[in-house]
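Chemist: Model the following, please.
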Amino acid sequence: MKYKELIKLGGIWFLLFVFMGATMPYNMPVFLLIVPFVLLGIALFTTWQVLSRAYYLHIGKTQTRQSKLLGVVISLVAVLSLGLESIGELTPRDFFTLLIFGIVGYFYTVRSSYRE
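Modeler: Predicted coordinates:
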C-alpha cells in the first residue's frame, strides 16, 4: 500500500476533526453547515478505498469496480443517516428506507454495468 494514500486518508480525517473542533454550528452561516457532511463522506469513502485495496492486495487480486461502488453507497447511507439525525428526523423506518434504497441502487448499478 502506498504511503501517499495513508497520508491523504489521515489528512482528510484530520481536516474533518479540526473543522468540527474549531467551529460552532450556532455561529456558522447556513451554507457552511454542509461542509462537515461532505468531509465525512469523503473520509468514509477514502477509508473504504484504503481498506478495500489492502484486502484485495492481501488476497492477490485487483480491486473491482463493484467494491468502489459499494464504498460510495456505504458512505452515502452513513452521511444521509447522520444528516437526518442531526435535524432530529431519523427514525428506524427512515434508516431502513435509506438502507433499502442504497442496496437496490447498488445492485441496479452493478447489474446495469455488466450489460455494457
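Chemist: Sticking with Gly88, tell me its helix or strand.
Modeler: Secondary structure here is read from DSSP states H and E; on that basis Gly88 sits in neither a helix nor a strand.
Chemist: and if you look at Val35?
Modeler: Using DSSP H and E, Val35 falls in helix 35-59.
Chemist: After that helix, which helix or strand is next? Please name it.
Modeler: Where DSSP H and E defines the elements, the next helix or strand beyond helix 35-59 is helix 65-86.
Chemist: If we go by neighbour counts, what in that following helix is buried?
Modeler: 67, 69-81, 83 (16 or more other C-beta atoms under 10 Å). Just so you know, the C-beta spots here come from the backbone N, C-alpha and C atoms, and that holds for glycine as well.
Chemist: pLDDT-wise, what's the bottom of those?
Modeler: Looking at those by pLDDT, the weakest one is Ser67, with 88.
Chemist: middle-most residue in this protein, spatially?
Modeler: Nearest to the geometric centre of the chain sits Ser75, at 2.3 Å (C-alpha atoms, centre = their mean).
Chemist: Is it correct that that one is in contact with Trp48?
Modeler: Yes. Ser75 is within contact range of Trp48, at 6.8 Å (criterion: C-beta atoms under 8 Å).
Chemist: Just the pLDDT at Arg115, thanks.
Modeler: Reported pLDDT for Arg115: 61.
Chemist: do Thr47 as well
Modeler: 94.
Chemist: quick one: contacts for the nearest residue to it once chain neighbours are set aside?
Modeler: Distances taken as C-beta to C-beta, 6 or more residues apart in numbering place Leu9 nearest to Thr47, at 6.2 Å, with adjacent residues excluded. Each residue near Leu9 by C-beta atoms under 8 Å, 6 or more residues apart in numbering is listed here: Ala43, Thr46, Thr47, Val50.
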